[in-house]
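**Q** With the input below, show me the fold.
(2 chains)
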Protein chains: 2
Amino acid sequence: MKTSIATVCLSGTLADKLRACAAAGFDGIEIFEPDLVAAPESPSELRASAERLGLSIDLYQPMRDVEGVDEPAFLEVLRRAEAKFALMRELGVETVLCCSNVGTATIDDDDVSASQLRRLGDLAARYRVRIAYEALAWGRFVDDYRRAWRIVQLADHPAVGVCIDSFHILSRGHDPAAIEQIPGEKIFFLQLADAPTLSMDVLSWSRHHRLFPGEGSFDLVDLMTHVVRAGYTGPWSLEVFNDTFRQTDAKRTAVHARRSLRHLEDAVARRLGDDAPGGLALLTDTTPPVEIDFVEIKAEDASAVEALLAQAGFTSRGRHRTKPVTLWTSGRARVVLNEQHARGLAPHIAAIGVAVQDAEALTRRADELATPRAYRRTYAAEQPLDAAVAPDGTELYWADATAGEPAWVGEFEHGASAVSGAVEGVDHVSLTLPWQVIEESVLFYRSVLGLRVTGTTDVPGPQGLMRSRVMSSADRAVRLPLNVAPPMTVERGHAVGLAQHVAFACGDVRALAAAAAARGLEFLRMPDNYYDDLAARFDLSPERVQELRSLRLAYDRDDDAEYLHCYTRTVGEVFLEFVERRGGYDGFGAGAAPVRLAAQGAMTASAGSVRS
Amino acid sequence: MKTSIATVCLSGTLADKLRACAAAGFDGIEIFEPDLVAAPESPSELRASAERLGLSIDLYQPMRDVEGVDEPAFLEVLRRAEAKFALMRELGVETVLCCSNVGTATIDDDDVSASQLRRLGDLAARYRVRIAYEALAWGRFVDDYRRAWRIVQLADHPAVGVCIDSFHILSRGHDPAAIEQIPGEKIFFLQLADAPTLSMDVLSWSRHHRLFPGEGSFDLVDLMTHVVRAGYTGPWSLEVFNDTFRQTDAKRTAVHARRSLRHLEDAVARRLGDDAPGGLALLTDTTPPVEIDFVEIKAEDASAVEALLAQAGFTSRGRHRTKPVTLWTSGRARVVLNEQHARGLAPHIAAIGVAVQDAEALTRRADELATPRAYRRTYAAEQPLDAAVAPDGTELYWADATAGEPAWVGEFEHGASAVSGAVEGVDHVSLTLPWQVIEESVLFYRSVLGLRVTGTTDVPGPQGLMRSRVMSSADRAVRLPLNVAPPMTVERGHAVGLAQHVAFACGDVRALAAAAAARGLEFLRMPDNYYDDLAARFDLSPERVQELRSLRLAYDRDDDAEYLHCYTRTVGEVFLEFVERRGGYDGFGAGAAPVRLAAQGAMTASAGSVRS
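**A** Next up, the predicted model:
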């Protein structure tokens, strides 16, 4: 598979973009005309730079408003086109994208459009370039790829073909199956973009909210099976207009973009099965994680977290034999407290470990997806764990699943033996991300770990609205709610003042809450108004409400499924939650979240953050 | 006019919000239920706090899904309602907002809804509260205020009336004229919000993008004339769900919100003319500014700007008699370079002066709008200028217009006499704002100065997309493009690295460019690709293009109107532009802006910002 990316996807100067695309391993680029116009380099200089970087220039784009016009307007089109065709020769690019007319179209007639494309094709042929005609979703008359293909058939010119763009097809809900009726060699180009489901005007949606494949809601795997079956062999090219990617570091975005195509290629090859052409590569096969192996909380001084864990009935399993790291366990929940290289850091979630069926396979897959590796100094006879760095900086470790305790637990010394506590495992780990990395994070957890977006919510808090996307494994053994922090709370790429948390699963959270309170754990106090509202909302008996209130438990119900949970106070940038799910409850108590945010705000308003 | 505001408009805790509303001079508040539920204070404590702060609690909101349901579901509604009515008594609030059913409605029948509202009214009456029934724009069956009013008529209960909400009426394009057919005493409440024109699903539009009156596109003046004519005498209450206001300081947002109502009240009173009821107050009448009086650039060391001005043919008019401030003029363009209290500051636009017909009247109007005043130390015999601080921190001065030079020019000594230069005046001042203050800025310039939004554009640059809103006086004597910086470029509320600029109007910019270049001014170089594209786009002769290229001029054309302009390099955070408008050209050369941003990025990539 040959890969390509439009320069409009990335931030920076055209020279920056070329370097970033090459470094990320793209084979080619589409040059977005405004990027060229703003560049100080001449076309021949850009051609030479691309050549040196090993990038082909696959497309020049866009030429607008070329057909469906009256004769005087068309003569003006030809004049303009000739200047651009000459430029393309200098750039060494063979294909130009011509969009269906939006601004100047006056004639709604396939024959007129076809005859104008044919004349444009004659001119293009003289410059040895070719025209990929694309139906824009908001084209004045031509807004459907099937009509664009009819016009190209009528034009019947070797230099005139179609460009297939996933956004323009799927945003309109058009069936991509008819792509298979276009001979592959007449599909001159392919542009891919994903997008979230949004009901807004399609132009704004297209210009601001496109995403890389795998980050949105489009079924690009289905579309690509049709493109492949049509016999298309050109580049798979990304054209993603997105306000965020326009701002973020081009090198990083390019790697992220390249990963999206690698993941798509794998999914398409699997969907096609034996029909997959030879050029499509599979990723190493893996299965989603079996459970959370451990959560690591890092801090210069983790003693406040230790105190909470002890009060919650965790067992101290001792200290690591070579590092200032301690382990606390209860049931299958394992919390690592790491004070190494943590000067000035307040407690925060630094790493998550997951248990998988085949750790070696996951390592290969992560490499194939160009995932940045986490480095951790290990010493002889220590268990080497494979790890990656997630887009928000959290480290992700993986190891083979075991029935008992994993081998690395043996590296901890002088602790007590495991006893069964009220906590049975990790229910979920909730991360707070700056808004810049949410899309990249969704793709990361989806492509590397095989998690899926299983829910989205907006949680209003005193500092703004927090948008939450839940990534889970199909069996819910691993749940990672990703909370997007309001922009005002982000400083230097860090979300400040919005705590992350680890939620532990309990069989009986009331017993845990009572026992922990007896050991001195002061749970976050939910206001009386909250309990009065619970009574009104759910018709709970006064006794039941009184029990919840006295144990400081939050409550939610969804049909017959129930959720009981309570929160510790925030320590640094992290707090703990204890949850009991009844009757298959699948949410996270969204009703309590704004109340919790307000209560935490009241408790930590003057504390600030010491994370550097 | 009695004013009110929903607590959902503001950030922070409920206690923060109450204090902010009182400080901004609101008469009352609507309590948004989730704010109450999350508050640690009891309802009676909140009631006492509001009383002490001089705020009435005008509305409790919302109760959802109360009508159009079957009998078992309605019994559940009554149970839930009774708990809330009891709470309302404790809070001391008389009116509850009941929205038309979205989630549970199964019966599309006005009689059923009316009979259920009547029974709810009976219950409400027992608690001495009343129900304001509102048609949500996305109600399952009831989504039009006229239908809500029919149902209330059928319910025929003294405790049941309607709530009029501008968003739900105007977002659907419903004609507000029928409001006049509702007796004023049956309009139990009025909620006001503006909004930008967006084509998106109305629920998302409503939840995230509402604005305060005067910041969006809704004709709220028209709507309010109907409400007033209906005889409504209750509070004018703001209910604005907005992702930005949820994050920004509540005190500041409350002042801004209060200003929006003051401005609306004035506009409604003027529209009603002699029909205006006694309670509506007018703002002091003013006319839009006549011209830009001066632009002040502030810096620890302004010498680099001085050099540019000298090269552009400005005259040095000397030094201020008491301050380290110099004045440069050309024609009616006056630039003040201020080195006072500027330690560590790079050159930036610190203040704009405008000439007005009646400065004293504008001062009164600014006070009536609770505009923050700028303070500047003045000494005896100096011209006192009135001034306000715009939302982005730029100071805005005003003084009476004069035919000749304004009196304050006389405070500058030892300079040359005015000679006529090629620059004739200030064409526009372009400010770069952090995204948090754009709405507030639009309202500020609109309500205080009487400017209007006369254009909006998106300008893509290497650091992201810059959204631009142009504020102008009707005669275009004053033009202020406000550019919203991409969030990634905002640090501590300041947009960093995106320069602001002053554009000077010239009769012959080619002559100016040639003369300035001869004096050593090195204009920003536009790339050759830009000129090649100009030739292709506008069919300019090679000679014409060569002239533009050699003078480093940018060019735009709109029908027969033309725009020629050139830029200096960026000095600190500011650069200068020289523009010539021909044939009534009314834009800003949007095509050149991304090219300019790229060229500036290349020149200043390593310079950074020293503004503190």
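
**Q** what does the model give A:Ala511 for pLDDT?
**A** Here the pLDDT value assigned to A:Ala511 is 97.

**Q** What number of residues are in the vicinity of it?
**A** 14 (other Cβ atoms under 10 Å in any protein chain shown). For the C-beta atoms, the positions are set from N, CA and C on the backbone; glycine is no exception.

**Q** Of all residues in chain A, which one is nearest the centre?
**A** A:Val442 (2.5 Å; Cα atoms, centre = their mean).

**Q** mind checking how far that one is from A:Thr454?
**A** Distance from A:Val442 to A:Thr454, counting by Cβ to Cβ, to the nearest Å: 12 Å.

**Q** A:Ser206 too?
**A** 27 Å.

**Q** The two: which has the busier surroundings?
**A** More crowded of A:Ser206 and A:Thr454, by other Cβ under 10 Å: A:Ser206, with 21 against 15.

**Q** so is the more buried one in a helix, a strand, or just coil?
**A** helix (DSSP: H, G, I helix; E, B strand; the rest coil).

**Q** In contact with it: list those residues for me.
**A** A:Ala137, A:Trp138, A:Phe167, A:His168, A:Ser171, A:Ala195, A:Phe241 (Cβ atoms under 8 Å, 6 or more residues apart in numbering or on different chains).

**Q** and the residues you listed, which two are the farthest apart?
**A** The largest separation in the contacts of A:Ser206, counting by Cβ to Cβ, is between A:Trp138 and A:Ala195 at 14.3 Å.

**Q** Go through stretch A:280-290 and flag the buried ones.
**A** A:Leu280, A:Leu283, A:Thr284, A:Thr286, A:Pro288, A:Pro289, A:Val290 (16 or more other Cβ atoms under 10 Å in any protein chain shown).

**Q** Check the first one and give its pLDDT.
**A** Just to be clear, that refers to A:Leu280. On pLDDT, A:Leu280 comes in at 91.

**Q** nearest residue to it other than its sequence neighbours?
**A** A:Ala269 (4.0 Å; Cβ to Cβ, 6 or more residues apart in numbering or on different chains).

**Q** so how far is chain B from that neighbour?
**A** Separation of A:Ala269 from chain B (Cβ to the nearest Cβ, to the nearest Å): 35 Å.

**Q** correct me, but that residue touches A:Asp285?
**A** No: judged on Cβ atoms under 8 Å, A:Ala269 makes no contact with A:Asp285 at a distance of 11.4 Å.

**Q** on that earlier part again, tell me both backbone torsions, phi and psi, for the residue nearest to A:Leu280.
**A** Backbone geometry at A:Ala269, expressed as degrees, to the nearest 10, gives phi -60, psi -40.

**Q** ok, now the one 3 residues further on?
**A** The phi and psi torsions at A:Leu272 (degrees, to the nearest 10) take the values phi -70, psi -20.

**Q** That one: what's it in contact with?
**A** A:Thr225, A:Val228, A:Arg229, A:Leu280.

**Q** tell me the secondary structure for the closest residue to the residue nearest to the centre of chain A other than its chain neighbours?
**A** Excluding its sequence neighbours, the residue lying closest to A:Val442 (Cβ to Cβ, 6+ apart) is A:Glu215, at 5.3 Å. At A:Glu215, secondary structure determined by three-state DSSP is coil.

**Q** how about A:Glu215, what does it touch?
**A** Here A:Glu215 is in contact with A:Asp194, A:Pro196, A:Ser260, A:Glu439, A:Val442, A:Leu443 (Cβ under 8 Å, 6+ apart).

**Q** so which helix or strand takes in the fourth one?
**A** By that I understand A:Glu439. helix A:438-447 (DSSP states H and E).

**Q** now do the third one
**A** Assigned by DSSP H and E, A:Ser260 falls within helix A:250-272.

**Q** May I have the helix holding A:Glu439 as CSV, with CA atoms only?
**A** Provided in CSV are the C-alpha atoms of helix A:438-447 (Å, rounded to 0.1, in the frame of the first residue of the first chain):
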residue,chain,number,x,y,z
ILE,A,438,-8.0,13.3,22.6
GLU,A,439,-8.3,12.1,19.0
GLU,A,440,-4.8,10.7,19.0
SER,A,441,-5.5,8.9,22.3
VAL,A,442,-8.7,7.3,20.9
LEU,A,443,-6.7,6.0,18.0
PHE,A,444,-3.9,4.9,20.2
TYR,A,445,-6.1,2.8,22.6
ARG,A,446,-8.1,1.5,19.7
SER,A,447,-5.3,0.5,17.3
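
**Q** could you give me the average pLDDT of that helix?
**A** Averaged across helix A:438-447, pLDDT comes to 94.

**Q** Tell me how far it lies from the chain's centre.
**A** Between the centre of helix A:438-447 and the centre of its host chain there is 3 Å, according to Cα atoms, centre = their mean, to the nearest Å.

**Q** Kindly report the same for stretch A:442-455.
**A** Worked out by Cα atoms, centre = their mean, stretch A:442-455 lies 7 Å from the chain centre.

**Q** which intervals of the stretch 251-400 of chain A have sub-threshold pLDDT?
**A** Applying pLDDT under 70 to the stretch 251-400 of chain A flags residues A:377-385.

**Q** what does chain A give?
**A** For chain A (pLDDT under 70), the answer is A:377-385, A:488-497, A:602-612.

**Q** got the residues of the stretch 151-300 of chain A near chain B?
**A** By the rule Cβ under 8 Å from any Cβ of the partner chain, the part of the stretch 151-300 of chain A lying against chain B is A:Leu198, A:Ser199, A:Met200, A:Asp201, A:Ser204, A:Arg207, A:His208, A:Asp243, A:Arg246, A:Gln247, A:Thr248.

**Q** Narrow those residues to those in strands?
**A** Of those, none are assigned to strands by DSSP state E.

**Q** Can you name the two of the residues you listed that sit furthest apart?
**A** A:Ser199 and A:Thr248 (26.4 Å).

**Q** For A:Gly455, list the residues it contacts.
**A** A:Ser468, A:Arg469, A:Val470, A:Ser472, A:Gly587, A:Phe588.

**Q** swap in A:Ala499?
**A** Per Cβ under 8 Å, 6+ apart, neighbours of A:Ala499: A:Thr432, A:Thr570, A:Glu573, A:Val574, A:Phe575, A:Gln600.

**Q** Restricted to helices, list those.
**A** Taking DSSP state H, the ones among those that sit in helices are A:Gln600.

**Q** ok, the contacts of A:Ala499 vs chain B, which is closest?
**A** A:Gln600 (10.5 Å; Cβ to the nearest Cβ).

**Q** for the stretch 101-250 of chain A, what spans make up the helices?
**A** Using DSSP state H, counting those that start in this stretch, the helices of the stretch 101-250 of chain A run over residues A:110-126, A:145-155, A:166-170, A:202-208, A:220-229, A:250-272.
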